[in-house]
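Engineer: A structural model of the following input is requested.
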Amino acid sequence: MAESVELPSRLAILPFRNKVLLPGAFIRIRCTSQSSVKLVEQELWQREEKGLIGILPVRDAAEMASAGSVLTQGSDPGERSSKIQGGTSDAHKLEGKNQQEVFHWHKRGVAARALHLSRGVEKPSGRVTYIVVLEGLCRFSVEELNTRGIYCTAKISPLEMTKAEMEQVEQDPDFITLSRQFKSTAMDLISVFEQKHKTSGRIRVLLETVPLHKLADIFVASFEMSFEEQLSMLDSVDLKVRLSKATELVDRHLQSIRVTEKITQKVEGQLSKSQKEFLLRQQMRAIKEELGDNDDDEDDLAALERKMQGAGMPSNIWKHAQRELRRLKKMQPQQPGYNSSRVYLELLAELPWQKASEEQELDLKAAKDRLDSDHYGLVKVKQRIVEYLAVRKLKPDARGPVLCFVGPPGVGKTSLASSIAAALGRKFVRISLGGVKDEADIRGHRRTYIGSMPGRLIDGLKRVGVCNPVMLLDEIDKTGSDIRGDPASALLEVLDPEQNKTFNDHYLNVPFDLSKVVFVATANRAQPIPPPLLDRMEVIELPGYTPDEKLRIAMQHLIPRVLDQHGLTSEFLQIPEDMVKLIIQMYTREAGVRNLERNLAALARAAAVRVAEQEQTVPLNKDVDKLTSPLLENRLAEGAEMEMEVIPMGVNNHEISNTIRIASPLVVDEALLEKILGPPRFDDREAAERVATPGVSVGLVWTTFGGEVQFVEATAMVGKGELHLTGQLGDVIKESAQIALTWVRARTVDFKLAAAEDLNLLEGRDIHIHFPAGAVPKDGPSAGVTLVTALVSLFSQKSARADTAMTGEMTLRGLVLPVGGVKDKILAAHRYGIKRVILPQRNLKDLVEVPAAVLSSLEIIPVKRVEDVLEQAFEGGCPWRRHSKL
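Structural biologist: You can find the predicted model right below:
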């Protein structure tokens, strides 16, 4: 225990913010700031732990609510001092460079000595820190506060009584009475503590050996109390006042322990061994009974009922909800169905039964401008959207069609739906249906199942909070079906305007009106969508972009977005139009623009590396005033030990400026393009090189990623007259190959493919037809004319034209039938550098959808019969053709 010490006339001051160290108490602090480290080194470390320092409480300006005596400190450089301003509330103000901090010094403090010192060095910064264990010794009063260097010192006067004064006070009857009360209360607290923690009577020794005026500080320092109460104990210089306040605080702590024990005993008597959560519930109930506040559950249910009343439910649904609420009120929270019923009622209360977005007045010109700014090209699609908006403007309650955008990835289907929502002024919610195979994802689970939840549609409406959003059904062509049901069939009710006004979710189990929702669907292909579901939607096809459209999209949208995503500007990276064209032609042959954006992002990453490597940081300005606004911060450590971090009183806020110096922007050229993206993936000479050998022809096919150029290779070998097909082919394309071979064999003499006496082309040899890119499944009838051309080229040993591609279904009698996906196929031929396209004559009407710029660069050759195809597929026409009599 601390003995009486003789205090010097001046002490170094360590400020404690919102914390008080009382005499006889111990505290552990960690010093990390420059001022506190300097103070510990000079006052404690260099004096081999024999030095003394003063601990002075500091208040935040915001917490300064009472008028007490505080100190003020000047802010001029050099040595500054100030006198005590008794009875006033003056503030200590420190002006930093960019801010002004205000704090208040208390006029009384405690002298402390170090019981333990340890020094450490933080890595990798090398900053020195100290951990100090301090013991409070005695009170002092501050007469003058000075600042030298980076920490404060103070002229002090002791506040402890002399031995003669102590003897005189101890004879005071009031002091004797207060001493007995304090000892009695302290003894009760020690008894409770020893009984609770099963400890011996070591604490009782304190009551017999330590003087009462010191014992009061020691007991109070071990309790949790407010900062104001701590200051009140610190200011209690008079022993009678100190004992009175200490007795009050000890008694309050004792009563708190007894109330806690009473609650614990009451709970333990009602504890059920089979329910682990029951203990917590009973404790909460007992606490509420002690506080006289036992109606929280009722308040929660009342709040839920008010929320349900404000939800705007229809009358029949409100009656159903009231029945569920009455049932819930009769249940105990421990019952199994309580939580599920409550979650169900909360869902009913949160659904937007009548809450709708306030639609702004439709401005068709603004809608057109927004569509044009968000999407380049897609004239027909944007025109259809504007028509839809025009109808909504004339008849707001009109039930419009369900639009279904069908097209390859990366052409802007999802963003078009978002633009519709923005034009209508409605909220937007996206429901992903890719890979959904369970009908419950649409209709929800029945509440009888564990873990049941509403369907995605109801959940989406709950999240968006309005009953009339624009809801995007994304990837509607990728739903599946299994033993759990067919989601596509469940969507029939959703997308039917006559049925969705009473949509019944299995979890909700009451009808919900979906007629106000604007549904928009997206798909890569229309074929997988069941016909009944497809019949409920208006299909709008979004074909791929032309190279010119991709160039405009890249310059107007992609490059600015990529630069922004990588923290760059045009000052750091410049991509000329010629280089963007080169990327489109040599690196990205796709219908959309996603791979184009990825390649542009690769260039941006290379530029980001260059910028980061050339980054230079301006060093800190060290010529700053060391004494600025204080930042004092303490943290309480876990357990009985307290850890306090004292942040320096003088730390300036420096302006740190980082400047990036780049000699010149990174301008992309062909050499840099190949260095970053690698060698070109596509070559315009590929078609000429592959068709140079007889037996190869160029076809056009349609895939989920848009149109593609497909080579067909045929070769002959010694065999038994069999036909071999490879390339992951479907049944339809296999049948097309058999039809093509049969047609060629039937025209052997007409085309002079064999002598008159040898009419069997397959005599002693097999035919092998291969569709390259064998890992990609292929099917469909449109490769018929391509197969015939490859076989005629093989048997005649004459190469087909490399600049000509073709598509069309053929019959056994040689007629060329129309096919689908014409626009995508022509765009694919244009991307590939094909100059001539052989097309069924009945497909000429589909050329209206093809951009004029693409048509002007291609020669479209319409054909009716296979003979017309062969006439155009070979250089100089088909010299073996004769007029066949069919």
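Engineer: assign D564 to helix, strand or coil.
Structural biologist: Counting by DSSP: H, G, I helix; E, B strand; the rest coil, the backbone at D564 sits in helix.
Engineer: also K581?
Structural biologist: Note that with three-state DSSP, the state of K581 is helix.
Engineer: wait, it sits on P547?
Structural biologist: Yes. The pair K581 / P547 is scored as a contact, 7.1 Å apart, by Cβ atoms under 8 Å. Using the backbone N, CA and C atoms, a C-beta is placed for each residue, glycine as well.
Engineer: pick out whichever of the two has more residues nearby.
Structural biologist: Ranked by neighbour count (other Cβ atoms under 10 Å), K581 and P547 place P547 first, with 19 against 15.
Engineer: contacts only, for the closest residue to P396 other than its chain neighbours.
Structural biologist: Counting by Cβ to Cβ, 6 or more residues apart in numbering, P396 lies nearest to E359, which is 7.1 Å off, once chain neighbours are set aside. The contact partners of E359, taken as Cβ atoms under 8 Å, 6 or more residues apart in numbering, are P396, L424, G425, R426, N468.
Engineer: for the protein, longest helix please?
Structural biologist: helix 239-269 (DSSP state H).
Engineer: buried ones in that helix?
Structural biologist: 239-240, 242-247, 249-251, 253-254, 263, 267 (16 or more other Cβ atoms under 10 Å).
Engineer: likewise for stretch 440-451?
Structural biologist: Buried-residue list, stretch 440-451, by 16+ other Cβ under 10 Å: A440, D441, I442, R443, G444, H445, R447.
Engineer: now stretch 183-193
Structural biologist: For stretch 183-193, by 16+ other Cβ under 10 Å, it's K183, T185, A186, L189, I190.
Engineer: how much space between the first one and F405?
Structural biologist: Which is K183. According to Cβ to Cβ, to the nearest Å, K183 and F405 sit 86 Å apart.
Engineer: and if you look at A286?
Structural biologist: 61 Å.
Engineer: wait, E674 sits on P680?
Structural biologist: Yes. Applying Cβ under 8 Å, one finds E674 in contact with P680, separated by 7.5 Å.
Engineer: what do those two both touch?
Structural biologist: Common neighbours of E674 and P680 (Cβ under 8 Å, 6+ apart) do not exist.
Engineer: mind listing the helices for the stretch 301-450 of the chain?
Structural biologist: According to DSSP state H, counting those that start in this stretch, the stretch 301-450 of the chain carries its helices in the segments 315-329, 336-350, 364-374, 379-394, 413-424, 440-443.
Engineer: so can I have TSV of the ones you listed showing distance to I476?
Structural biologist: Output for the helices of the stretch 301-450 of the chain, formatted as TSV (distance: least, Cβ to Cβ, whole Å):
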stretch	distance to I476
helix 315-329	29
helix 336-350	26
helix 364-374	22
helix 379-394	17
helix 413-424	11
helix 440-443	11
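Engineer: R148 is nearest to which of those helices?
Structural biologist: R148 lies closest, by Cβ to Cβ, to one member of those: helix 336-350, at 64.0 Å.
Engineer: ok, back up a step: least confident pick among the buried residues of helix 239-269?
Structural biologist: Lowest pLDDT among the buried residues of helix 239-269: V267, with 64.
Engineer: picking that back up, D235: which of the helices of the stretch 301-450 of the chain is closest?
Structural biologist: helix 336-350 (52.6 Å).
Engineer: residues in contact with that closest one?
Structural biologist: With Cβ under 8 Å, 6+ apart as the criterion, helix 336-350 contacts 304, 307-308, 311, 313, 317, 321, 324-325, 327-328, 331-332, 447, 452, 454, 458, 462, 507-508, 510.
Engineer: of the residues you listed, buried ones?
Structural biologist: Buried subset of the contacts of helix 336-350 (neighbour count, 16+ other Cβ under 10 Å): 304, 308, 311, 313, 317, 321, 325, 328, 447, 452, 454, 458, 507-508, 510.
Engineer: where does pLDDT dip in the stretch 651-800 of the chain?
Structural biologist: Under the criterion pLDDT under 70, the flagged ranges of the stretch 651-800 of the chain are 651-663, 684-688, 751-759, 774-775.
Engineer: contacting residues around T414?
Structural biologist: Going by Cβ under 8 Å, 6+ apart, T414 touches R430, L472, D474, T522.
Engineer: that older thread, for the longest helix of the chain, what is the distance to the chain centroid?
Structural biologist: Offset of helix 239-269 from its chain centre (Cα atoms, centre = their mean, to the nearest Å): 49 Å.
Engineer: which helices and strands sit right next to the strand or helix carrying S736?
Structural biologist: Here S736 sits within helix 731-746, counting by DSSP states H and E. On a contact count with 3 or more Cβ pairs under 8 Å, 6 or more residues apart in numbering; DSSP states H and E, helix 731-746 meets strand 723-726, helix 784-796, strand 809-810.
Engineer: just the terminal-to-terminal distance for stretch 356-374.
Structural biologist: 26 Å (Cα to Cα, to the nearest Å).
Engineer: what mean pLDDT does that stretch get?
Structural biologist: 81.
Engineer: then stretch 438-451?
Structural biologist: Averaging pLDDT along stretch 438-451 yields 84.
Engineer: just the C-alpha atoms of that stretch, please, in CSV.
Structural biologist: Provided in CSV are the C-alpha atoms of stretch 438-451 (Å, rounded to 0.1, in the frame of the first residue of the first chain):
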residue,chain,number,x,y,z
ASP,A,438,-38.2,-26.5,-58.9
GLU,A,439,-41.7,-25.2,-59.3
ALA,A,440,-41.5,-23.9,-55.7
ASP,A,441,-39.0,-21.3,-56.8
ILE,A,442,-41.9,-19.6,-58.7
ARG,A,443,-44.9,-20.6,-56.5
GLY,A,444,-43.1,-20.9,-53.1
HIS,A,445,-43.0,-23.7,-50.6
ARG,A,446,-46.0,-24.8,-48.6
ARG,A,447,-45.8,-23.7,-45.0
THR,A,448,-46.0,-27.2,-43.7
TYR,A,449,-42.3,-27.8,-44.8
ILE,A,450,-39.3,-26.9,-42.7
GLY,A,451,-37.5,-24.0,-44.1
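Engineer: distance from the chain centre to that stretch, please.
Structural biologist: 27 Å.
Engineer: over to stretch 602-613?
Structural biologist: 25 Å.
Engineer: list the buried residues in it.
Structural biologist: A602, L603, A604, A606, A607, A608, V611.
Engineer: shouldn't the first one be within a helix?
Structural biologist: Yes. Secondary structure assignment places A602 in a helix (three-state DSSP).
Engineer: ok, back up a step: of the helices and strands packed on helix 731-746, which stretch is the most buried?
Structural biologist: helix 784-796 (a mean of 26; mean count of other Cβ atoms under 10 Å).
Engineer: burial count for N599?
Structural biologist: Counted with other Cβ under 10 Å, N599 comes out at 21.
Engineer: ugh, wrong one, L348
Structural biologist: 21.
Engineer: rewinding a little: hmm, who's touching the helix holding S736?
Structural biologist: For helix 731-746, using Cβ under 8 Å, 6+ apart, the contacting residues are 723, 725, 729, 751, 753, 760-762, 767, 769, 771, 778-781, 783-784, 787-788, 791-792, 795, 809-812, 814, 866.
Engineer: re the thing from before, nearest to A829, out of the helices of the stretch 301-450 of the chain?
Structural biologist: Judging those by Cβ to Cβ, what sits closest to A829 is helix 379-394, at 20.4 Å.
Engineer: if we can go back for a sec, so which of the helices of the stretch 301-450 of the chain is the most packed in?
Structural biologist: helix 440-443 (a mean of 24).
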